Each structure stands twice: as C-alpha cells, then as structure tokens.
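J.: Structure of the sequence below:
(one chain, ligands or ions: 2)
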Amino acid sequence: MNRRDVRAVPVDEKMAVTIKKVGVIGSGQMGNGIAHVAALAGFDVVLNDVSDERLKSAMATINGHLSRQVAKQTITEDARKKALGRITTTETLDGLADCDLVIETAVEKEEVKRKIFHELCAALKPEAIVATNSSSISITRLAASTDRPERFIGIHFMNPVPAMELVELIRGIATDDSTFETAKEFVGKVGKQIAVSEDFPAFIVNRILLPMINEAIYTLYEGVGNVEAIDAAMKLGAHHPMGPLELADFIGLDTCLSIMQVLHEGLADSKYRPCPLLVKYVEAGWLGRKTQRGFYDYRGDKPVPTR
Ligand SMILES: CC(=O)CC(=O)SCCNC(=O)CCNC(=O)[C@H](O)C(C)(C)COP(=O)(O)OP(=O)(O)OC[C@H]1O[C@@H](n2cnc3c(N)ncnc32)[C@H](O)[C@@H]1OP(=O)(O)O
Ligand SMILES: NC(=O)C1=CN([C@@H]2O[C@H](COP(=O)(O)OP(=O)(O)OC[C@H]3O[C@@H](n4cnc5c(N)ncnc54)[C@H](OP(=O)(O)O)[C@@H]3O)[C@@H](O)[C@H]2O)C=CC1
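T.: Ligands and ions are numbered 1, 2, ... in the order given. Have a look, this model is predicted:
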C-alpha cells in the first residue's frame, strides 16, 4: 500500500472530534499567547501550569495584552471580558480531562514533554487530540511517548502569538488525516495562516532563524561587533524588526540553546554547533527578558547591553 492508499482509508467517525475546549500546558509566554488567541476566537480554554502563582501571573499578563488591544481598538472591551471569562486554570493534568485538544507549551526539554504526555494521556478521553508547540523536537518521537500517535501533531505558534500570522503544522509519521484537518481548522479559527513542515529538526522557521541568531552570537563572541552594533546592523541594514540578540532575549536563551542542540544532534553537522557564549549565558541563568538579563539587562528603565 503506498502513502496515497493509506491516506484514502476512511477515518473512524466515532473518533472524529469537534474542538470546543482547548487545554494549554505551560503558562509561559507561548502558553499565555495561545490561551489568549484561542479564547478570543471563542474556544473555552483550560490553562495548566505547575503552580497557582504562575497561573495567577499568567492571567494578569493575558489581561494586560487584551487590554492593550482594547486601547488600540483592535478588540472591544466586551470581547476582552468574554475572552477572559472563557479561560479557567488548573494545576493538575486531570483538570484537562474534558478537553478536545490539548496543546503542550512547557519548556523545550524532551524528557519534560515526554513525562507530561505520559500523565496527560491517562487523563484524556481517547478521541482528544494532543499537540505540541515544540520549536524543534521530533514530532514522531514525542508522539511515540503517547497512547495516540495518530492523534498527535505539531502546532507550532510564533512569538508573540497575538501578533504573528504564522503557525507551522507538522505531522509525525503516524498522524492521521483527520487530526491534520482538525488542527488546520483550529489554526484558521484563531486567525493564523499555516505553513506545513516535514518532521525534521527545528522544522522550517527555526531551521533558518536559529542558525542566524547563533551566528550573531558568534559575531559577538569573536568581537566582530558589540551587542548594540550587531542589532543595529541587522535592524537598519537588513530591516529586521528586532536585532538578532534582542530577538534571542525575547525568545529565551534557554529555548535558543535547546533548538541549536536539537539541530546539532539531529543533523550531525558542525555548522549547527551552539556558540559557547550562548551556553555561558544559559549556564549563568541569564535567559533573556524572562529573567531580566541576557544580551541586555532589563532591570532598569531601558535595556542596557551586557557586552
Ligand atoms: C522560537 C520559535 O520557536 C519560533 C519563533 O517564534 S521565532 C520568533 C518570531 N518572532 C519574531 O521574529 C518577532 C520579531 N519582532 C516583531 O515582529 C515586532 O518587533 C513585534 C511584533 C514583536 C512588535 O512590533 P512593534 O511594531 O514594535 O510593536 P507594537 O506595535 O507595540 O505591537 C504590534 C502588535 O504586537 C502585539 N505585541 C507586541 N508585543 C507583544 C507581546 N510580548 N505579547 C503579546 N502581544 C504583543 C501588540 O499588542 C500589537 O498587537 P495589535 O496589532 O493587535 O495592536
Ligand atoms: N519562546 C519562543 O519564542 C517560542 C517557544 N516555543 C516553544 O514553546 C514552548 C514554551 O516556550 P516558552 O513559553 O517560551 O517558555 P517559558 O519558559 O516562557 O514557559 C514555559 C512554562 O512551562 C512551565 N512548565 C515547566 N514544566 C512544566 C510542567 N511539567 N507542566 C506544566 N508547565 C510546566 C514553566 O514553569 P516553570 O518556569 O516554573 O518551570 C513555564 O511557566 C517550548 O517548547 C518552546 O520551544 C515555540 C515558539 C516560540
């Protein structure tokens, strides 16, 4: 049977799912953003994280971003209130039991994600779809840690979620057509465009973007330019909206390093070697904006370069 024949097999109607309730695991910048756009689009959202403190701060952040949209008149005050009202929070994966789609957005560490999927699947109904927002990790490998590889998919949002138009969709080797179509419909409903990527390390956007950021860090490491010069060069000389070092701080230096490690290991090519300076910043706990320090120090009134 060739691939076309496999795709022609009708899906089991009993297993088809209509997405009404969306679970989001991890309330960091991506989880907040996905909860935000899904709630605005009318989905009920359950946001999960490991502590209540994190969840409270996430709800405040989401409200802040929604309020900014009200101030800019991109949404109404009524839409803000309704969206916030659609989001509930939970500290346990059991709290996601009645979700139709769960999107995992915890840290970019394979062992953390595998553990989450193992626990999550035990709580979920069999027809529910499980997705990961991973930036780089093999969808096929993550799917294999679940009880439903055919109902598992990569739904990769970009940061900041409310502002970026693109979502990458990545099928694992076992992802079935109905899961792909349901994910595609969901992405359309939250107002984003899709790019379909094959399941290779870091997919499309990060395969191209992260080596550029890593090269910018090498440029800093080798003393070709300082932080200010490198960012100004790429903003003014290549019309990037953010300089590569500012963008690395925005993404999170831990996430940048994890993506480079996945590229380096997965493609076994020395051109993806993470810059030792990136490793040093992560080892220092200087992870960028989220820890107030990275290539810039954000503790004062305005960001100050750290090199
Ligand atoms: C690592 C991965 O796996 C993949 C990735 O995501 S890689 C990262 C991809 N992202 C980028 O490259 C971002 C590059 N930067 C940009 O495009 C722009 O600097 C930016 C959109 C972030 C901000 O643009 P700007 O013109 O300076 O800001 P501003 O006018 O204030 O904001 C534009 C919109 O973004 C929203 N926004 C900005 N920052 C935000 C944030 N942190 N969270 C949520 N929304 C945000 C604003 O609310 C605004 O929304 P509306 O259009 O609804 O009003
Ligand atoms: N940053 C970016 O630009 C993008 C990131 N991504 C991907 O999205 C995912 C999340 O990234 P991002 O939001 O930036 O990361 P953050 O570090 O901002 O947030 C991760 C969140 O997940 C929480 N968390 C950790 N372990 C668990 C767990 N076991 N259960 C529930 N929550 C958990 C963290 O809590 P605590 O801090 O307490 O550990 C934190 O609140 C990663 O896979 C990343 O690669 C995708 C696109 C863009």
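
J.: Now Gly23: phi and psi?
T.: With angles defined as degrees, to the nearest 10, Gly23 sits at phi -100, psi 140.

J.: Specify the beta-bridge partners of it.
T.: Beta-bridge pairing of Gly23 under DSSP bridges involves Val46, Val102.

J.: shouldn't it be in contact with Asp44?
T.: No - if you go by Cβ atoms under 8 Å, Gly23 and Asp44 don't touch, sitting 9.8 Å apart. In this view, the C-beta of every residue, glycine as well, is placed from N, C-alpha and C.

J.: Compare neighbour counts for those two and give me the winner.
T.: Using other Cβ atoms under 10 Å, the more surrounded residue of Gly23 and Asp44 is Gly23, with 29 against 18.

J.: and Asn159, how far is that from Met234?
T.: Distance from Asn159 to Met234, counting by Cβ to Cβ, to the nearest Å: 18 Å.

J.: neighbour count winner among these two?
T.: Neighbour tally, Asn159 and Met234, criterion other Cβ under 10 Å: the higher count belongs to Met234, 21 against 17.

J.: got the contact list for that one?
T.: Neighbour list for Met234: Ala216, His240, Gly243, Pro244 [criterion: Cβ atoms under 8 Å, 6 or more residues apart in numbering].

J.: for the longest helix that the chain contains, packing partners?
T.: Counting residues, the longest helix found in the chain (DSSP state H) is helix 52-71. Applying 3 or more Cβ pairs under 8 Å, 6 or more residues apart in numbering; DSSP states H and E, one finds that helix 52-71 contacts helix 29-40, strand 44-48, helix 77-85, strand 87-90.

J.: Out of these, which gets nearest to Leu209?
T.: Leu209 lies closest to helix 29-40 among the helices and strands packed on helix 52-71, at 15.4 Å (Cβ to Cβ).

J.: Residues contacting that closest one, please?
T.: So helix 29-40 is in contact with 22, 24-25, 27, 45, 47, 49, 58, 61-62, 65-66, 75, 79, 83-84, 86-87, 103, 105, 133, 157, 159-162, 190-192, 252, 290, going by Cβ under 8 Å, 6+ apart.

J.: Pull out the buried residues from those.
T.: 22, 24-25, 27, 45, 47, 49, 58, 61-62, 65-66, 75, 79, 83-84, 86-87, 103, 105, 133, 157, 159, 161-162, 190, 192, 252, 290 (16 or more other Cβ atoms under 10 Å).

J.: As JSON lines, the helices and strands packed on helix 52-71 with distance to Leu278 would be great.
T.: Shown next, in JSON lines, are the helices and strands packed on helix 52-71 (distance: least, Cβ to Cβ, whole Å):
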{"stretch": "helix 29-40", "distance to Leu278": "19"}
{"stretch": "strand 44-48", "distance to Leu278": "30"}
{"stretch": "helix 77-85", "distance to Leu278": "36"}
{"stretch": "strand 87-90", "distance to Leu278": "33"}
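
J.: where does the stretch 1-150 of the chain dip in pLDDT?
T.: For the stretch 1-150 of the chain, the stretches with pLDDT under 70 are 1-15.

J.: got the residues of it near ligand 2?
T.: Taking Cβ under 6 Å from any ligand atom, the part of the stretch 1-150 of the chain that reaches ligand 2 is made up of 25-31, 48-50, 54, 105-108, 112, 116, 133-135.
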